[in-house]
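Asker: I'd like to go over a predicted model; first the sequence, then the structure.
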Amino acid sequence: MIDYEKFERSLKHLEAQLQNFCDVSKRPELLKLDREAIAESVVQRFEVCYDCLWKVLKRYLGEELGISNLPNSPKPLFRIAFENQLFPAVDPWLSYADARVDTSHDYSEEKAGITIGRAFDFVKDTAILYEKMTGKPWT
C-alpha cells in the first residue's frame, strides 16, 4: 500500500505558501527581505513537493499499474505516466522537471520567478494526478 501522507502534506504546504506569496501585496508592512523569504519558501516548497511527487508516482506505476524496471529519474517516469494516461500531456511535467533542476543550481531572482510562475500550474496538475492515483478528491 502506498503512503501518500508526505506527498499530501508537501502539496498542502506548497498551496499555502503560494497563497501567502499572492497575499504579499496586501501586506505593506513586510520588508523587502520578508518578501524575498516568502518567494524563496515557495521555491523550496515546490522542490520538496516535486521530489515527493515523482517518488510516489514511481511507486504507483510499479505497485498499482504493475510496471516493472522503472527508471529512477523523473522525466522518464513522467513519460511512462503519460503513456498510461495519468495526465493528458507530458510537456508540462517536463517543464516542471526543468524548473526543479534549475532551482537546484541557480537561486537567482529570475529563476525563482519562473519557478513560482510554474508552481501555480504544478499545483493544479498535481492535485489532478493525486486524485487519479488515490481515488480521493483533493481538498
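Answerer: Yep, it's here.
Asker: When you work out contacts or count neighbours from here on, use the C-alpha atoms and nothing else.
Answerer: Will do.
Asker: L94 contacts A81, doesn't it?
Answerer: No: the pair L94 / A81 is not scored as a contact, 11.8 Å apart, by CA atoms under 8 Å.
Asker: Those two: which is more packed in?
Answerer: Set side by side, L94 and A81 show more neighbours around A81, with 21 against 16, by other CA atoms under 10 Å.
Asker: Just give me the longest helix of this structure.
Answerer: Across the chain, the longest stretch assigned as helix under DSSP state H is helix 32-63.
Asker: in the following helix or strand past it, what counts as buried?
Answerer: Proceeding N to C from helix 32-63, the next assigned helix or strand is helix 74-83, under DSSP states H and E. Counting neighbours by 16 or more other CA atoms under 10 Å, one finds that the buried residues in helix 74-83 are 74-75, 77-82.
Asker: Give me the helices and strands touching helix 74-83, please.
Answerer: Other elements packing on helix 74-83 under the criterion 3 or more CA pairs under 8 Å, 6 or more residues apart in numbering; DSSP states H and E are helix 32-63, helix 91-105.
Asker: Output the contacting helices and strands for the first one.
Answerer: It stands for helix 32-63. Under the contact definition 3+ CA pairs under 8 Å, 6+ apart, helix 32-63 sits against helix 5-23, helix 74-83, helix 91-105, helix 109-134.
Asker: Just put those helices in CSV and tack on distance to L61 and mean pLDDT.
Answerer: Compiled in CSV, those are given as follows (distance: least, CA to CA, whole Å; pLDDT from 0 to 100):
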stretch, distance to L61, mean pLDDT
helix 5-23, 15, 97
helix 74-83, 7, 98
helix 91-105, 16, 91
helix 109-134, 9, 94
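Asker: how about a markdown table for those helices, with distance to Y60 added?
Answerer: Formatted as a markdown table, the helices and strands packed on helix 32-63 follow (distance: least, CA to CA, whole Å):
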| stretch | distance to Y60 |
| --- | --- |
| helix 5-23 | 12 |
| helix 74-83 | 10 |
| helix 91-105 | 16 |
| helix 109-134 | 7 |
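Asker: Cheers, nothing more for now.
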